[in-house]
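Enquirer: everything below, folded, please.
(2 chains)
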Amino acid sequence: MSESNQDFVRQIITADCAAGKHDGRVHTRFPPEPNGYLHIGHAKSICLNFGIAQEFGGKCNLRFDDTNPEKEDVEYVECIKEDVRWLGFDWEDRLFFASDYFQQLFDWAVKLVEKGKAYVDSQSVEEIRKGRGMGGSPGVESPYRDRSSDENLDLLMRMKAGEFEEGSHVLRAKIDMAAENLLLRDPVLYRIRKVAHHRTGEAWCIYPTYDWAHGQSDSIENITHSVCTLEFVNHRPLYDWCLEELEVFHPQQIEFARLNINHMVMSKRKLLQMVEAGHVSGWDDPRMPTLIGMRRRGFTPAAIRKFCEHIGVAKFNGVHEMSLLEFVLREDLNKCSERRMAVVDPIKVTLSNYPEGKSEDLEAINNPGDESAGKRMVPFSRQLYIERADFMEDPPKKYFRLAPGREVRLRYAYFITCQEVIKDDAGEVVEIICSYDPATRGGDAPDGRKVKGTIHWVSAAHAVTAEVREYDHLFNDPNPDSGEDGKTFLDHINPDSLRTRRDCQLEPSLENATPGQPYQFERLGYFCVDSADSAPGRLVFNRTVGLRDSWAKKQKK
RNA sequence: UUCGGCAUGGUGUAAUUGGUAGCACGACAGAUUCUGGUUCUGUUAGUCAAGGUUCAAGUCCUUGUGCCGAAACCA
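Expert: Numbers count the residues shown, from 1 in each chain, chains lettered A, B, ... in the order given. As a prediction, the model looks like this:
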């Protein structure tokens, strides 16, 4: 990457290195709270932090910001580690927890008290909030603000010893109750919580707040650039204040805009609502923007990395279009997916002049863009399935597929011509009778005649049956969170975001498809075996993303 | 309300820090094609507004407007 085309974060780091700051050392960290599942927004942060480390020859730590025992759980720790690994990043031996620093953090709090820069406040939550005041006028100082250093120390020790009830005391920094930045009006550093922590157990009953833990954790790990999202801009003065008062290594906090994608919601709280209300099957529902959900859907780590590269990093809080995510996905899948034929909405075709009982194997190319993917044989016989959408009794102009009297090519097989249509009592087409031209075996006519359409097919006698799940946006509105017309994101849920097709007919080689392997079903899209619901006798495929479909687009107009 | 951040085609993101507004996605059109896929080519459209400084402003200054964030014993 040339220096002039770097994003603003990398520009800062480049300048720091050039200036010899930290002797040119670059060390970042990805600091998730283990209170939920990672989503594509976190992937942006992961790619940024680990990516910067790679590019600048530095390191990136994985640190769990686990300072709130009420919300966190080890279950999430393991999932998050797996997600980061899956995305392709390695923290090597640098797996850390803020809870590992609880003792150091406490010692530093003592130091602050001794310096007269922190005090124990015995007001209630409400009193503290009221005292902080509103922007525009200064807050009022706590009546406990001027306790002596000794008294503060005594109270802090007894807080730690568990002598007090939750909510009776907190430790506050003594900064400035008139500060324009409300976060500087004596922020809370420690609160009493008589709750077991998922890692430290019963060892502590006071826990540091984010503001007291985060910067110091960065400092302990010698992080040079502490990259976080925009909502922490207001915290930076406090981040800096703590480090300066403690006279410890001082990382630089840099804030960037979090990721938003249209037709999607990204907050943990809202995603949790989707799960709890049953709008999705769980955190790993293939429609969810969670990394586990996207993995199950068939996204590749490379596509997500590419996406993060494409969207860039800035301070503008915009909304990206889903089409970019789909573009990078198709781009990656197109390269690595073997082609197969599958009929998702089957209609029967009988070839009147093809001998009964006969079958033959025809050669098909696995990936036209990659010769090394080789070829495979596909069985052919008198009775086939084709896609219902590939036949129309009364076709519009520019329709290239099968219709009465029309000739099309069956991919890698023969030219066929529609002779007759059989309908049921309801007038629904149930079978199409065609003739085939034996001279076109393989798909080319010796007389050089052309057909406009090529369609996919599956031999009825050889097909395997499967369920195929097709997904669409979870929300109809591109900006479900806008709050317009008093609607919430739940009012914009797309009722048709999942379409299950039960009697799909697949070419037999798909019987042994394994999870994790992407396939392109020709003319339909990219698919993968569902890792949760598919079983040997009961195949289930997910449509990761459809192929671009310019015919469908033309039809809409 | 106060404080803070941000503003470039439909969307997102660049512009050697004052010197030809570029890239990607999308949309549209065409070429190629045994996938209406892929690939290739072309078209489209932008500096929030008003002043100012300057030979020259997306970039600097002033004012305004709009959007976002914060005012948790969450992170």
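Enquirer: near RNA strand B, which residues of the stretch 401-550 of chain A show up?
Expert: Within the stretch 401-550 of chain A, the positions lying close to RNA strand B (C-beta under 7 Å from any atom of the strand) are A:401, A:409, A:411-412, A:442-444, A:453-455, A:520, A:522-523, A:547-550. For every residue, glycine as well, the C-beta is placed using N, CA and C.
Enquirer: can you check the stretch 51-200 of chain A too?
Expert: Close to RNA strand B, as judged by C-beta under 7 Å from any atom of the strand, the stretch 51-200 of chain A has residues A:65, A:67-68, A:71, A:123-125, A:128-129, A:132, A:134-136, A:166-167, A:170, A:180-183, A:188, A:191-192.
Enquirer: now, which of those residues lie within strands?
Expert: Under the assignment DSSP state E, those contribute A:170, A:188, A:191, A:192 to strands.
Enquirer: quick one: contacts for residue A:240?
Expert: When contacts are counted by C-beta atoms under 8 Å, 6 or more residues apart in numbering, residue A:240 is found next to A:215, A:250, A:253.
Enquirer: any idea how far residue A:300 is from the nearest residue to residue A:513 once chain neighbours are set aside?
Expert: Nearest residue to residue A:513, sequence neighbours excluded (C-beta to C-beta, 6 or more residues apart in numbering): residue A:529, at 5.1 Å. In this view, residue A:529 and residue A:300 are 15 Å apart by C-beta to C-beta, to the nearest Å.
Enquirer: please apply the same query to residue A:202.
Expert: 44 Å.
Enquirer: cool, and residue A:190?
Expert: In terms of C-beta to C-beta, residue A:190 sits 44 Å off from residue A:300.
Enquirer: how about residue A:351?
Expert: In terms of C-beta to C-beta, residue A:351 sits 39 Å off from residue A:300.
Enquirer: what number of residues lie near residue A:356?
Expert: Using other C-beta atoms under 10 Å, residue A:356 has 9 neighbouring residues.
Enquirer: so who does it touch?
Expert: By C-beta under 8 Å, 6+ apart, the contact list for residue A:356 reads residue A:382.
Enquirer: buried stuff in stretch A:540-549?
Expert: Buried residues in stretch A:540-549, counted by 16 or more other C-beta atoms under 10 Å: A:540, A:541, A:542, A:543, A:544, A:545, A:546, A:547.
Enquirer: and the strands in the stretch 251-400 of chain A?
Expert: Taking DSSP state E, counting those that start in this stretch, the strands of the stretch 251-400 of chain A run over residues A:252-256, A:338-340, A:342-343, A:346-351, A:359-365, A:375-381, A:383-387.
Enquirer: for residue A:88, which of the ones you listed is the nearest?
Expert: Residue A:88 sits nearest to strand A:252-256 of all the strands of the stretch 251-400 of chain A, at 20.7 Å, using C-beta to C-beta.
Enquirer: and the closest one, what's its mean pLDDT?
Expert: Across strand A:252-256, the average pLDDT comes to 97.
Enquirer: so what does it touch, helix or strand wise?
Expert: helix A:8-18, strand A:225-229, helix A:236-246 (3 or more C-beta pairs under 8 Å, 6 or more residues apart in numbering; DSSP states H and E).
Enquirer: can you list contacts of that strand?
Expert: Strand A:252-256 has contacts (C-beta under 8 Å, 6+ apart) with A:8-9, A:12, A:16, A:48, A:215, A:218, A:224-230, A:232-233, A:235-236, A:239-240, A:313-315.
Enquirer: who does residue A:466 form a beta bridge with?
Expert: Residue A:466 forms beta bridges with residue A:504, residue A:539, as assigned by DSSP bridges.
Enquirer: my guess is it meets residue A:507, correct?
Expert: No. Using C-beta atoms under 8 Å, residue A:466 makes no contact with residue A:507, being 10.8 Å away.
Enquirer: give the residues shared as contacts by those two.
Expert: residue A:342.
Enquirer: excluding residues flanking it in the chain, which one is nearest residue A:160?
Expert: With C-beta to C-beta, 6+ apart, the residue lying closest to residue A:160 is residue A:206, at 5.4 Å.
Enquirer: residues contacting that neighbour?
Expert: Here residue A:206 is in contact with A:106, A:159, A:160, A:171, A:190, A:191, A:192, A:193 (C-beta under 8 Å, 6+ apart).
Enquirer: swap in 10 Å and give it another go.
Expert: Counting by C-beta atoms under 10 Å, 6 or more residues apart in numbering, residue A:206 touches A:102, A:106, A:109, A:156, A:159-162, A:164, A:166, A:169-171, A:189-194.
Enquirer: just the buried residues from those, in PyMOL please.
Expert: Filtering the contacts of residue A:206 down to the buried ones (16+ other C-beta under 10 Å) takes a single PyMOL command:
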select buried, chain A and resi 102+106+109+156+159+160+164+169+170+171+189+190+191+192+193
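Enquirer: hang on, residue A:433 is in a strand, isn't it?
Expert: Yes. Residue state for residue A:433 (DSSP: H, G, I helix; E, B strand; the rest coil) corresponds to a strand.
Enquirer: how much space between it and RNA strand B?
Expert: 21 Å (C-beta to the nearest atom of the strand, to the nearest Å).
Enquirer: apart from its chain neighbours, what residue comes closest to that residue?
Expert: Closest residue in space to residue A:433, ignoring its immediate chain neighbours: residue A:420 at 4.0 Å, by C-beta to C-beta, 6+ apart.
Enquirer: centre of the chain to the helix or strand harbouring the one you found, how far?
Expert: Assigned by DSSP states H and E, residue A:420 belongs to strand A:415-423. In terms of C-alpha atoms, centre = their mean, to the nearest Å, the centre of strand A:415-423 is set 46 Å apart from its chain centre.
Enquirer: pLDDT on that strand, on average?
Expert: On average, the pLDDT along strand A:415-423 is 97.
Enquirer: tell me the strands beside it, with direction?
Expert: Partners of strand A:415-423 in the sheet, by DSSP bridges, are strand A:407-410 (antiparallel), strand A:429-436 (antiparallel).
Enquirer: please parse chain A into its domains.
Expert: Using automatic domain parsing, the domain ranges for chain A come out as A:3-256, A:268-339+A:466-556, A:342-456.
Enquirer: show me what contacts the closest residue to residue A:79 other than its chain neighbours?
Expert: Leaving aside its sequence neighbours, residue A:79 sits nearest to residue A:37 (C-beta to C-beta, 6+ apart; 6.0 Å). Contact analysis of residue A:37 by C-beta under 10 Å, 6+ apart lists A:75-76, A:79-80, A:83, A:268, A:271-272, A:275, A:282-284, A:288-293.
Enquirer: in the stretch 201-350 of chain A, what residue spans correspond to helices?
Expert: A:210-220, A:236-246, A:268-276, A:291-297, A:301-311, A:322-336 (DSSP state H, counting those that start in this stretch).
Enquirer: same list (the ones you listed) but as a markdown table, adding mean pLDDT and distance to residue A:435.
Expert: Compiled in a markdown table, the helices of the stretch 201-350 of chain A are given as follows (pLDDT from 0 to 100; distance: least, C-beta to C-beta, whole Å):
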| stretch | mean pLDDT | distance to residue A:435 |
| --- | --- | --- |
| helix A:210-220 | 98 | 74 |
| helix A:236-246 | 97 | 76 |
| helix A:268-276 | 94 | 52 |
| helix A:291-297 | 98 | 41 |
| helix A:301-311 | 97 | 44 |
| helix A:322-336 | 98 | 35 |
